[in-house]
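K.L.:
sharing a model that was predicted from the sequence below.
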2 protein chains.
Amino acid sequence: MDTKDFIDFGKATIDFVANYVETLREKNVLPDVEPRYLFNLLPEKAPQKPESWQEVLKDVERYILPGMTHWISPHFHAFYPTANSYPAIVGDILCNSLTCMGLSWIASPACTELEMIMMNWLGKLLGLPKQFLSSNEGFGGGVIQGSASEITLLCSIAAREQTTLRTKQLHPDLDEAIIKTKLVAYASDQSNSSVERSALLASVPIRLLSTDDKCALRGETLLKAIKEDLKKGLIPCYVVANLGTTGTCAFDNLVELGPICEEYNMWLHIDAAYAGAAFACPEYRHFMSGVEYADSFNVNAHKWLLINFDCSLLWLKDSRKLVESCNVDRIYLKHDKQGLIPDYRNWQISLGRRFRSLKVWFVLRTYGVEGIQQHIRHDIQLAKMFENYVKSDSRFELVTERSLSLVCFRMKGDNQLTQELINCLTARRKIYIVVATYREKLIARFVIGSRLCREEDITFAWDEITSQATEILRSVTPPLEEGSEESLKTRLWQNQKV
Amino acid sequence: MDTKDFIDFGKATIDFVANYVETLREKNVLPDVEPRYLFNLLPEKAPQKPESWQEVLKDVERYILPGMTHWISPHFHAFYPTANSYPAIVGDILCNSLTCMGLSWIASPACTELEMIMMNWLGKLLGLPKQFLSSNEGFGGGVIQGSASEITLLCSIAAREQTTLRTKQLHPDLDEAIIKTKLVAYASDQSNSSVERSALLASVPIRLLSTDDKCALRGETLLKAIKEDLKKGLIPCYVVANLGTTGTCAFDNLVELGPICEEYNMWLHIDAAYAGAAFACPEYRHFMSGVEYADSFNVNAHKWLLINFDCSLLWLKDSRKLVESCNVDRIYLKHDKQGLIPDYRNWQISLGRRFRSLKVWFVLRTYGVEGIQQHIRHDIQLAKMFENYVKSDSRFELVTERSLSLVCFRMKGDNQLTQELINCLTARRKIYIVVATYREKLIARFVIGSRLCREEDITFAWDEITSQATEILRSVTPPLEEGSEESLKTRLWQNQKV
């Protein structure tokens, strides 16, 4: 493809995208396809000869769009949002076109430095304490990574190595491998699956501790667990605290957990993947009281900060602890400015890295701080509107309080009703909501996060939900046999598991 | 930013990119900036109010381009190449705009299925054995990840968990944590730093074994190491074999290593990050004889296959082994088609994932198999041209044979001469080459990989190299004191370490 073709292809694709976004509200959010639908439509191997770009773009419309779940649709209320904005898309065109791999400073000075500066801009935007920012004093600083999972894994490994090193210094007779068999980590039972998975991958057993009635991990619970483990001869290693859990957007009590981590020399990692974005608005910063105790702090800008995936932000109070834990150098990676400025490859799992700070720069400049704050406040306003709808209808109940732009609700009565509601909504494909559990209760999580979402979309969703609830309550389901807790559960999961 | 602004901004950026590529040959490949240059040019925090996109795009030209190392310049001959092509750039515009997070099939059927199909197309393009492809028989299949580092880490962890599980089944009395303290992995001392680092992160000690005079790991060496370790009571766990080492693009002897891995029940992972692309041309497939022994096989399409970073390809013979090793499910991730088709989140570290197969599809269709083959053969042809230049000049020598598009050469005599040559070239910024070592010898690695590279660029590079060599040999350096091996080394590294 020559440059002239690229210009035509690129511009046609920009028009395609503009049209996609402008017509997204009219599309069903979920697709109507069965597994392996695409295998029937595409050839089994690559073409021998080149095909025209016009054919390819047509095939996106023909074969790809019908199989899409539209994450940025204003009718997408599942999981947590994924960010999407026009300036981020354009910023990433440049990232891809410049194609530098910022593995060290010399491998592209602009790539490393814009990232350092953007992480400072973002840190200030969220009101993070100074120790987390890059400056001439201290060893704080930020880095952009691919995902919260990647970051939690990396921090788990750093904590493992730091604890092993410290224990070895205290007890030089102990074997490092044996020390590692005694490590233990902690998080709440409300943590994202990636927290448990990171511990599994890092080979550090993790205890998922119970939470209070607001789904928050409290100091007392952590302290009890630590003391039990110390008695068993185990070595407490790290804690992952949630600011905004995945299920109900609950906030662990950092003010209680922080001093305990300090006392027992444990790495405190904060997972604020979704909720961290809200700290752009000063009125929500009270949720991060105690953040100064953290060793590492993570927000996914690609969730609610208008910067497209992947853009997961990690700030460290002492970056040396991370770098020391996983540094393996080679002669071809050395350069004569080493030590003056970070070589970001030592801050992450991968050697190569994209110029992701470009899209950050583009978004922060074209939105401005006020534009970002407006986005967050607008979404929370819409969530309040949905919350009021739920409160106004006696067939529904809120299970936990609305938290930021997440509303957790259910149909009063048996879990089965809420499950049926979700099943109906999913089958109709007009709005997308997923379930979670709170205590024994099944709840529906209604999240707002699409940049395109407006009041009319909340009304649309509520109309859809209530019309289906009406249908479900009308077709009375046969009553379950008395005491048949098991058969209720079986029925609930029949639609979920294969 | 509204849609109209996006259309203008997007199209202006397409023109910007076209101009960047078309004028790249005229630019110095290395920038003329000092660490922290950008801190003096940009404000300390994000603007309060939105700024116009026109200002932002102007600032890319003003502040970013002067600080770039131009990886896709035809004068970039360092490391290994990073891929860049027009259809890949356009494919990624769509990936960013559709913004689906393909964490499960239902989260976006098209995202999962196009990836499965593209991994089959690519597997067939490279001539991989059938067992690695997705089909109705067996559990083979491919997945796109971010980097070779990520993949090596993941496979190391899977091997660790599989070996632990198997050992536990054989010796139910042993504690799993204790089993893990006895594991040991192997790779050659020519492996990429990411192999050693993955072992460190996975907490499995790795032995970097010596290689033959062609830098290849041989069966005999591996077998000796395994036997030594078994005697010590250790448990051999996995081997990472290189097809194309980072230093000299050497090929480990799979035909010898494979049966040993089979005999000792070790996971065999193949790192073909760069060289794997060459298998698109049947005449180079003999380099992967023995690939059928592998459990996992990795090629970075983002190196030499014209598909932009990140696009690291992993094929597995039995995907269940990976999935089992790191599966942690949650209720909000369940869906009713589970088990019929992969949920790719279980094949990788991160939960979220980009729609990376779009750029693969765009490249394979607009280039066709023949276009890809032509690209590989063209680069190798240029490398032969450079090789002939080196052979024709008595001041230079080839250290190892040219391998694919890599030529390793040096100035005859003291290492110091080659080091000075590289220092001069780097300071002049016209071409970019990095060093490696072979035995005691310092070598310059000349790599071809930019899609823009033509014969005139090879001549340009050779003229630059020889003119500097002439300068260096003219200004005779004072002889080192006899037997001062140390002071030679000190001098060599003075320019490298801070």
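P.N.:
Good, I have the coordinates. Numbering: from 1, shown residues only, chains lettered A, B, ... in the order given.
K.L.:
for chain B, see how far away the nearest residue to A:L316 once chain neighbours are set aside is.
P.N.:
In this structure, A:L316 finds its nearest non-sequential neighbour in A:S296, 5.3 Å apart by Cβ to Cβ, 6 or more residues apart in numbering or on different chains. Backbone N, C-alpha and C define where each C-beta goes, glycine included. Using Cβ to the nearest Cβ, to the nearest Å, one gets 16 Å for the distance from A:S296 to chain B.
K.L.:
do A:L417 as well
P.N.:
To chain B, A:L417 is 17 Å away according to Cβ to the nearest Cβ.
K.L.:
and A:V33, how many residues sit next to it?
P.N.:
When neighbours are counted by other Cβ atoms under 10 Å in any protein chain shown, A:V33 registers 15.
K.L.:
now name the helix or strand holding the residue in the stretch 101-250 of chain A that chain B sits nearest to.
P.N.:
For the stretch 101-250 of chain A, the residue closest to chain B is A:A110, as judged by Cβ to the nearest Cβ, at 3.3 Å. In the assignment (DSSP states H and E), A:A110 maps to helix A:109-125.
K.L.:
one more: A:V299?
P.N.:
Going by DSSP H and E, A:V299 is part of strand A:296-300.
K.L.:
from the contact counts, what lies against that strand?
P.N.:
Here strand A:296-300 touches helix A:148-170, strand A:267-271, strand A:312-316, going by 3 or more Cβ pairs under 8 Å, 6 or more residues apart in numbering or on different chains; DSSP states H and E.
K.L.:
can you name the next helix or strand after it?
P.N.:
helix A:301-304.
K.L.:
so who does A:V299 touch?
P.N.:
Neighbouring residues of A:V299 by Cβ atoms under 8 Å, 6 or more residues apart in numbering or on different chains: A:122, A:126, A:272-273, A:276-277, A:279, A:305, A:312-313.
K.L.:
please enumerate the helices of the stretch 251-400 of chain A.
P.N.:
A:254-263, A:301-304, A:319-325, A:357-391 (DSSP state H, counting those that start in this stretch).
K.L.:
pick out the shakiest of the ones you listed, pLDDT-wise.
P.N.:
Mean pLDDT per stretch puts helix A:319-325 lowest among those, at a mean of 90.
K.L.:
buried residues in that one?
P.N.:
A:319, A:321-323, A:325 (16 or more other Cβ atoms under 10 Å in any protein chain shown).
K.L.:
which elements pack onto it?
P.N.:
Right, helix A:319-325 is packed against helix A:148-170 by 3+ Cβ pairs under 8 Å, 6+ apart.
K.L.:
just checking, what packs against the helix it packs on?
P.N.:
Helix A:148-170 packs on helix A:176-180, strand A:183-188, helix A:193-202, strand A:235-242, strand A:267-271, strand A:296-300, strand A:312-316, helix A:319-325, going by 3+ Cβ pairs under 8 Å, 6+ apart.
K.L.:
buried stuff in it?
P.N.:
So helix A:148-170, judged by 16+ other Cβ under 10 Å, has buried residues A:148-164, A:167.
K.L.:
then stretch A:283-294?
P.N.:
A:284, A:287-288, A:290-291, A:293-294.
K.L.:
likewise for stretch A:233-252?
P.N.:
A:234-252.
K.L.:
and chain A, what are its domains?
P.N.:
Following automatic domain parsing, one finds the domains of chain A at A:3-68, A:101-354, A:364-494.
K.L.:
and those domains, which is most packed in?
P.N.:
Among these, domain A:101-354 has the highest mean neighbour count (mean count of other Cβ atoms under 10 Å in any protein chain shown), at a mean of 21.
K.L.:
how far off centre is that domain?
P.N.:
Relative to its chain's centre, domain A:101-354 lies at 14 Å (Cα atoms, centre = their mean, to the nearest Å).
K.L.:
before we move on, what about stretch A:456-467?
P.N.:
26 Å.
K.L.:
what's the mean pLDDT across that stretch?
P.N.:
For stretch A:456-467, the per-residue pLDDT values average out at 98.
K.L.:
ok, now stretch A:49-60?
P.N.:
98.
K.L.:
surely the residue nearest to A:L316 and A:L153 touch.
P.N.:
No: assessed by Cβ atoms under 8 Å, A:S296 is found out of contact with A:L153, at 11.8 Å.
K.L.:
flag every residue of the stretch 151-300 of chain A that's near chain B.
P.N.:
Selection of the stretch 151-300 of chain A residues close to chain B by Cβ under 8 Å from any Cβ of the partner chain yields A:153, A:157, A:160, A:175, A:177-178, A:180-181, A:192-194, A:196-197, A:200-203, A:246-247.
K.L.:
redo that, cut-off 7 Å
P.N.:
Contact residues, the stretch 151-300 of chain A versus chain B (Cβ under 7 Å from any Cβ of the partner chain): A:153, A:157, A:177-178, A:180-181, A:193-194, A:196-197, A:200-201, A:203, A:246.
K.L.:
check the residues you listed and tell me the two furthest apart.
P.N.:
A:I178 and A:T246 (34.9 Å; Cβ to Cβ).
K.L.:
point out where chain A drops to low pLDDT.
P.N.:
Low-confidence segments of chain A, defined by pLDDT under 70: A:328-339, A:476-498.
K.L.:
who's in contact with A:W121?
P.N.:
A:364, B:45-46 (Cβ atoms under 7 Å, 6 or more residues apart in numbering or on different chains).
K.L.:
now do A:P74
P.N.:
Neighbour list for A:P74: A:25, A:450, A:452-454, A:457 [criterion: Cβ under 7 Å, 6+ apart].
K.L.:
select, out of the helices and strands packed on strand A:296-300, the one closest to A:C408.
P.N.:
Using Cβ to Cβ, the nearest of those to A:C408 is strand A:267-271, at 18.8 Å.
K.L.:
strand A:312-316 and that closest one, what's the angle between them?
P.N.:
Put simply, strand A:267-271 runs at 150 degrees to strand A:312-316, going by axes from the mean of the first three to the mean of the last three Cα atoms, to 10 degrees.
K.L.:
packing partners for strand A:267-271?
P.N.:
helix A:148-170, strand A:235-242, helix A:254-263, strand A:296-300 (3 or more Cβ pairs under 7 Å, 6 or more residues apart in numbering or on different chains; DSSP states H and E).
K.L.:
I'd like the ones you listed as CSV, with distance to B:Q419 appended.
P.N.:
Shown next, in CSV, are these (distance: least, Cβ to Cβ, whole Å):
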stretch, distance to B:Q419
helix A:148-170, 34
strand A:235-242, 43
helix A:254-263, 47
strand A:296-300, 39
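K.L.:
contacts only, for the closest residue to A:T167 other than its chain neighbours.
P.N.:
Closest residue in space to A:T167, ignoring its immediate chain neighbours: A:I179 at 4.9 Å, by Cβ to Cβ, 6+ apart. Shown in contact with A:I179 (Cβ under 7 Å, 6+ apart): A:164, A:167-168, A:235.
K.L.:
separation between A:I179 and B:F362?
P.N.:
Counting by Cβ to Cβ, to the nearest Å, the separation of A:I179 from B:F362 is 50 Å.
K.L.:
returning to what we had before: which two among the contacts of A:I179 are spaced furthest apart?
P.N.:
Of all pairs in these, the most separated under Cβ to Cβ is A:K168 and A:I235 at 11.1 Å.
K.L.:
picking that back up, list the contacts for the residue nearest to A:L316?
P.N.:
A:S296 neighbours (Cβ under 7 Å, 6+ apart): A:155, A:269-270, A:314-316.
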